[in-house]
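Engineer: 3D, please:
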Amino acid sequence: MADIQLRFHNDMLVLSTPISPQLERIGIDSARDNELTLLLEPEVMSEIYALESAAGAQCAVADTAFMTPARLARSNMKGSADKLAESAIAVASEKSPQHVLVEIGPCGLPLDASSKDSLNENRDQYSRAAKSFTALDPLFDAFFLNGFASCTDLKCALMGLRKVTDKPVFASVDLAGDDGTLGGKGRETFAQAIQVMAEYGAQVAGFQTAAAPDVAAAFVEEAGRLSPLPVLVQLQVAKVDPEQNAPTDANPYFEPDAMIEAADRVRAAGAQFLRATGNATPSYTGALVAATIGDSVVRTKPLEGLPQASFEDPDKLADILRNRVNEALGN
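Structural biologist: Model prediction:
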């Protein structure tokens, strides 16, 4: 499997769409039966990945967002972590994608930022999730921390992963609206999340938004100002609506073709990794691939002095990125 770090700041790459909405479309309650389907009927997942492969996705995202111990316990899968990890990697790899990413979502435990015990407990959740993939290390390229809406939770996740792995880490936060605030209860901002990503060892900085392409492009530009990390853009599809004739603020990505303009806009702003989420189908993946295949990343600023995309010297890398982010934020 190719080393994904060699492609940072070079090739445009598209990630496969989320599995859960596609399970829902074929009548499977993903909230209740996702893990069971992965263990007992992996061929169902295989069919979904086959469609994503046919659409051209270069990066397959393994169906593993639930892999923290707390989430496995809630679904009565506490003792099945290793089996789930093995099945998820096998299914995601079946069609020989160029890269496989292991997704890990928020653990969902209460988090008190003022409590050392609470922080350590949350950090341990992500360390234990990553350990489930230790034996599978050669079979995937990177971890993908996705769906975060709290900077403190994201910090715990990054620290937890860095305790047990030197794999590249993609990190993505959910943006609540056009103003760059995160989707959590606080008023934390995308700029603050980028600072956490840069300081705590993420190697790709990402976000998910349902906003229109010009707003998404502005977020990409902000990420580029604050950090030299490659940028991942996840565009959330609210509804696939054949009767809708034009984009609206509530549903800018109403059809796959709407992704083509969006891909052009965010690529011009400097994005490298693209993904359709929400109610997206493999057709959305195909549209993103068609808009970017063979293209290189648009470098919006020189890369002189950019630290290598490795974690061989984490302290030095963290210092470089921390200084750059603080300068950009005026701290």
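
Engineer: Quick one: residues contacting the nearest residue to residue 250 once chain neighbours are set aside.
Structural biologist: Counting by Cβ to Cβ, 6 or more residues apart in numbering, residue 250 lies nearest to residue 238, which is 6.4 Å off, once chain neighbours are set aside. Any C-beta I mention is one placed from the backbone N, CA and C, and that applies to glycine too. With contacts defined as Cβ atoms under 8 Å, 6 or more residues apart in numbering, residue 238 is in contact with 210, 250, 251, 253, 254, 278, 279.

Engineer: ok, and the most crowded of the residues you listed?
Structural biologist: Counting neighbours by other Cβ atoms under 10 Å, residue 253 comes out on top of the contacts of residue 238 with 27 neighbours.

Engineer: Just the element for that one, please.
Structural biologist: Remark: residue 253 resides in no helix or strand, with elements defined by DSSP states H and E.

Engineer: show me what contacts it?
Structural biologist: 210, 235, 236, 237, 238, 247, 259, 262, 276, 278, 280, 284.

Engineer: Which of those has the largest number of neighbours?
Structural biologist: In terms of neighbour count, residue 276 stands highest of the contacts of residue 253 at 32 neighbours, by other Cβ under 10 Å.

Engineer: and that one, what element?
Structural biologist: According to DSSP H and E, residue 276 maps onto strand 273-278.

Engineer: returning to what we had before: mind putting the contacts of residue 238 in CSV, pLDDT included?
Structural biologist: Listed next are the contacts of residue 238 as CSV, based on pLDDT from 0 to 100:
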residue, pLDDT
210, 96
250, 91
251, 93
253, 96
254, 95
278, 96
279, 95
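
Engineer: Are we agreed that residue 235 is in a helix?
Structural biologist: No - per DSSP: H, G, I helix; E, B strand; the rest coil, residue 235 lies outside any helix segment and is strand.

Engineer: list the contacts for it?
Structural biologist: Counting by Cβ under 8 Å, 6+ apart, residue 235 touches 208, 209, 210, 216, 253, 259, 262, 274, 275, 276, 277.

Engineer: Mind pulling up the pLDDT for it?
Structural biologist: We have a pLDDT of 98 for residue 235.

Engineer: For residue 28, see how far away it is.
Structural biologist: Note on residue 235: its distance to residue 28, by Cβ to Cβ, to the nearest Å, is 24 Å.
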